Structure formats: C-alpha cells, structure tokens
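Undergrad: Let me see the structure of the following:
(2 chains)
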Amino acid sequence: MARPSLDEKHTMPDLHTYTPIVDAFKTQPGTRLTLKGWVRTRRDSKVGLSFIQLSDGSCFDAIQIVAPADLPNYTDVVLSLTTGCAIAATGTLAQSQGKGQDVELQAESIELIGGIENPDTYPVPQKRHTFEYLREVAHLRPRTNTFGAVARVRHCLSYHIHRFLHERGFYYVHTPIITASDAEGAGEMFRVSTLDLVNLPHTEEGGVDFSDDFFGREAFLTVSGQLSVETYCCALSKVYTFGPTFRAENSNTSRHLSEFWMIEPEIAFCDLAGSIELAEAMLKDLFRTVLDERADDMAFFNLRIDKTVIETLQHIIDSPFVRITYTDAVEELRKAKKKWEFEPRWGADLHSEHERYLTEVVHKTPVVVTDYPKGIKAFYMRLNDDEKTVAAMDILVPKIGEIVGGSQREERLDVLDRRITEMRLPIEAYWWYRDLRRYGTVPHAGYGLGFGRLVQFTTGMANIRDVIPFPRTPRNAEF
RNA sequence: UCCCCUGUAGCUCAAUUGGCAGAGCGAGCGGCUGUUAACCGCUAGGUUGUUGGUUCGAGUCCAACCGGGGGAGCCA
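TA: Reported below is the predicted structural model:
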C-alpha cells in the first residue's frame, strides 16, 4: 500500500497536524514531532521519568514516549494517565537509552485530549482477554493488539483484491443489496418490507398483500450478487462484485455469519479451468502481499494466534493447488483407512470431515474439487457431457474448509431451462437471466470468495466473528 | 435446528460426600526501578445467569427458561 511519504504530506489536505506512529518509526532521530493516539500503558521511574506506550493504530507497534518529571503538568496529568487515555505528545525523536525499542519520543509537552472516566470500569485494560469477552465490547476491541492487527490485514486484503482484479482488466460492479427475486438459490433470505407487521394488508385469498409493500412486491436482502453480475459480465467481459451478502440461516459455527462480504469475479469466454486459475493466482498474490506489507501484524499472529500461519501461507504460495474431481475424491475417501461418521458416497455432498481429511491429511495444501453431481449443486452450473455432473468447483483449505465456491455457468438456454424445471424453480422469475442465453450467449465462469474466511485463514483467527468489526449472527446484532 | 460442554468479583477460574465465598489478573493507594507481560506490600470489589423445586441447610442436587463455547447441518 502506498502510504503517503513524509515528502508528499504537504500535497495532502492538512489532516495531519501530527505524525502517524508508522511514520515516526521511519524518521531520523533528532526530528521534532507531534504524536497523537491512545495510551497503552504508563510506567513511572523514580529517576524522574514516566514511560508511556502510545498506539495510534497506524502500525502494530506502539511507540515509547519518555515524559520527564519537570513537565509543568507532570503531576496532575502525566501521573494520572491510564490505559485508553487519548493524548498528544510533542518532542524530539531520539535513539532509545533503554532496551526493547530503537527510538522513543523525548516529550517536551503532553496534552490530555480525552481522559478515562473511571479506570476501574474501562472494559479493555491492559491484560489478557478472551475473544468471547471482547465480542461483548466490540466497540473497544479495536484498541487491542489482535483486533488492530486484524483490521489492518483485512484492509490490506480488501485493497489488494481490487488491485489484483483491476490489473487484470476487471471492472468492479455494484450489484444490488435489495433484490425482488427470492430465486437466487443460496439460502434463506431476510425480508425487506415497510408493511406494518401488526396490521398486515391481506389479499382476498387471505395471504399477505405485497402489492401494498414498498416495492409493490416481495423484496429481500441479496444472498449473492452472482446472477446480477452475470449481466455485466455478458457486456464488459471481466467483472466482479465485492459487497455484503445476507443469509437468514440459523447457523451457529465459527465460519458463518448472517451478514458477510464476498468477492464474486465473473469472466466471459472462460471455462471452469480458467476460473480456477484465476482463483489460485489471486489467493497466492494476496498471501504474498500480506506477508510483505503486513509483516508486523503477521509476526504477531504467528507468535500469539497460530504458530503455523506464516509457514502455511508460504507453503501455499510455493506449491500448486491440488486439483481432483469429485468422483476421484469420493474414491480416495472410500479407500482411506479412517472411520467416518458419514461414509463417503457418490451423489452425497462431502462432509466437513471429508473436506478436512483431503486438505489437512492427504494433501496439506488447498484442494480444488471439481465436477460435482448435478443433484447437489445449483441450477445455473453447466451440465457436463456425462449428463451426471456439473462444471462446479470448491476450493478447500485446512481448518476452514470451503473458501471458494464457483462454476462454469450454463450458457445453453435449452439445458438451463431443463435444469430449472427439474429443480422445480419458478421459471418466470428468471426471465432476464434467461435473456442472457437468448441474446449473444457466451461460455462464462466465476466464483465466490468468502472474504471473512479469507481473513480468517490469513490471520489464523479461529472464529469468523473475530475478523469482522461487528459480527451479525442469530440473536446477535448489538452495536 | 440437532448433539455435547458451560454460566461464581470488572476479566480468567477455584470451592472435597450438600455445611462460614477464594485465588490470579485488572483497578486504587504506597514502595522500588531507564522502565517495557515489571517487581514488593496494602485496599476495595459478590443477590453464585433467571424462576421454581428437594433439603435443617444449595455455588453444589432436580426442572424450565435465558446467555456463552465446541461439534454437525446450511454455505462463502
């Protein structure tokens, strides 16, 4: 990420009457600076000094400020600073006399900007906290090491997804959040309505009369931008969406959210293999970039969260993803000397234990499973010549399982219609989707990459609720 | 939604066969120190998730409900 260099600062609006700590660390000792941020800890020395660890979130490390006892407000302000206080400190950057840091700020003045009402009630004092507890104080958890690091990595991944796709000629399409179609076929939907719930208008047959509703018909939050983005794909060739999606499933796991972000590239004149290549290149590019640009945060995750993350990411960057058909995968699983809770069987979906075995035990790397039975996959996936399987793919990674799900789309109208009918879906609802096959249809393919799962995998964080600022899950929408 | 575990101080957890509610961390005060996961001492802090039941007596046993965690399913 191109942070503005110090020289470029003057070309920016004067937001910074102070220096971000990330820049302070790169500054020559002897330079006079003002720093602003939040106090992590204060330690006093009877030599006549206080040491203040200051963090502003611009990088992982906090900086040490040395506050001499002869500051005019030393007794009444400096000595009462506690964890969480917001301050401004002006002074000279100096080579540290102590161990543990290279540079520190020798303060000439310290100004209290925002104090702590009562240190005893501050929810995130400088001590160990469980992630479960921190979820209850989600408005203050970004001040902790872990959540600051997650936020920076999340930003880095987000930014470079756009960069990666942009560099390859993809256009970013804003697909709608509200959809009038309940036929997206990827799970339970949240209803969007302005009807008065306690006094619903009824039709003559006794059902709810949605013609009185805001859109004059039933409306929902989208579960996927795919169907919409296919329309732009069949005009701009290479496109993607990156936005929130919503699933009203009663899912209670460490890798599901009711509101989550997803990247959905869609590529015209492309088959399944092409979309797998893109997904693999994209994941590798992202891992490489994060290890490079967020080395500070990644070192922390590797030390405190998961001692194998960096090694795992590096290994993935260096080796090709394993590709295996569903049929071969089932064969391999059946041959495995392992007791399954669910016996692998052709025609049934792979269970969590099967996916983990493939990716964690057999291959120890991401595994791309392709060509699933048509009966367990969505209507829009392209029927293979065997008439039994469809050109679908899932990319499985250790611990998390499915991180990408994609397919080549069915571009033949007759086959598409047959599939819609077979699956007893309301064909009228797909009129505009079917039009794409009537007017200049082309082979195309795409996939959905779960952004939260990507952040989870990259950081080693065990629960998806801890890689998004304010997780929405069943019975939980505080904040 | 199903299975298993769990709910005690601000946080993390103890509390013997049912018998006086405890510790560490954090916080406050004091001491020590170019300190840095600091160290030493003192102090404050509790309707044991809720409701009901069994019992002379319930943190402990029983029931229902509510929250949290792990696994499964749904998927990204």
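Undergrad: drop to CA atoms for contacts and neighbour counts, all remaining ones
TA: Fine.
Undergrad: what about residue A:390, how many neighbours?
TA: Neighbour count of residue A:390, defined by other CA atoms under 10 Å: 27.
Undergrad: Could you list the contact residues of the stretch 51-200 of chain A toward RNA strand B?
TA: A:51, A:64, A:66, A:82-83, A:96-101, A:104, A:119-121, A:123, A:125-130, A:132-133, A:186-187 (CA under 7 Å from any atom of the strand).
Undergrad: can you map out the helices along chain A?
TA: Counting by DSSP state H, one finds helices in chain A at the ranges A:21-24, A:131-136, A:145-167, A:226-236, A:272-293, A:295-300, A:309-318, A:326-335, A:352-356, A:413-422, A:431-438, A:451-459.
Undergrad: Relative to the whole chain's centre, how far out is the last one?
TA: This means helix A:451-459. 6 Å (CA atoms, centre = their mean, to the nearest Å).
Undergrad: Enumerate the residues of the stretch 301-450 of chain A near RNA strand B.
TA: Residues of the stretch 301-450 of chain A lying near RNA strand B (CA under 7 Å from any atom of the strand): A:349-353, A:401-405, A:448-450.
Undergrad: that older thread, tell me which of the helices of chain A is the most buried.
TA: A comparison of these by mean neighbour count, using mean count of other CA atoms under 10 Å, puts helix A:451-459 on top with a mean of 24.
Undergrad: So for that helix, mean pLDDT?
TA: Mean pLDDT, helix A:451-459: 95.
Undergrad: Do any residues in that helix lie close to RNA strand B?
TA: Yes. Using CA under 7 Å from any atom of the strand, helix A:451-459 reaches RNA strand B at A:451, A:452, A:453.
Undergrad: what's near enough to touch the closest residue to residue A:216 other than its chain neighbours?
TA: Take residue A:216 and drop its neighbours on the chain: the residue closest to it by CA to CA, 6 or more residues apart in numbering is residue A:210, 6.0 Å away. By CA atoms under 8 Å, 6 or more residues apart in numbering, the contact list for residue A:210 reads A:201, A:216, A:217, A:218.
Undergrad: out of those, who has the most neighbours?
TA: Most neighbours among the contacts of residue A:210, by other CA under 10 Å: residue A:218, with 19 neighbours.
Undergrad: Pull the number of nearby residues for residue A:119.
TA: The number of residues near residue A:119, taken as other CA under 10 Å, comes to 15.
Undergrad: show me where the stretch 351-479 of chain A has strands.
TA: Taking DSSP state E, counting those that start in this stretch as the criterion, the stretch 351-479 of chain A carries its strands at A:367-373, A:389-397, A:401-408, A:444-450.
Undergrad: Using CSV, write out every CA atom in the second one.
TA: Read that as strand A:389-397. Extracted in CSV, the C-alpha atoms of strand A:389-397 (Å, rounded to 0.1, in the frame of the first residue of the first chain):
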residue,chain,number,x,y,z
THR,A,389,-22.0,-33.9,-13.2
VAL,A,390,-21.7,-30.2,-13.5
ALA,A,391,-18.7,-27.9,-14.0
ALA,A,392,-18.5,-26.8,-10.4
MET,A,393,-15.5,-26.3,-8.2
ASP,A,394,-14.9,-25.8,-4.5
ILE,A,395,-11.5,-24.7,-3.1
LEU,A,396,-10.9,-26.2,0.3
VAL,A,397,-8.3,-25.0,2.7
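Undergrad: Identify the residues contacting that strand?
TA: Contacts of strand A:389-397 (CA under 8 Å, 6+ apart): A:272, A:276, A:355-356, A:359-360, A:365-374, A:377, A:381-384, A:401-409.
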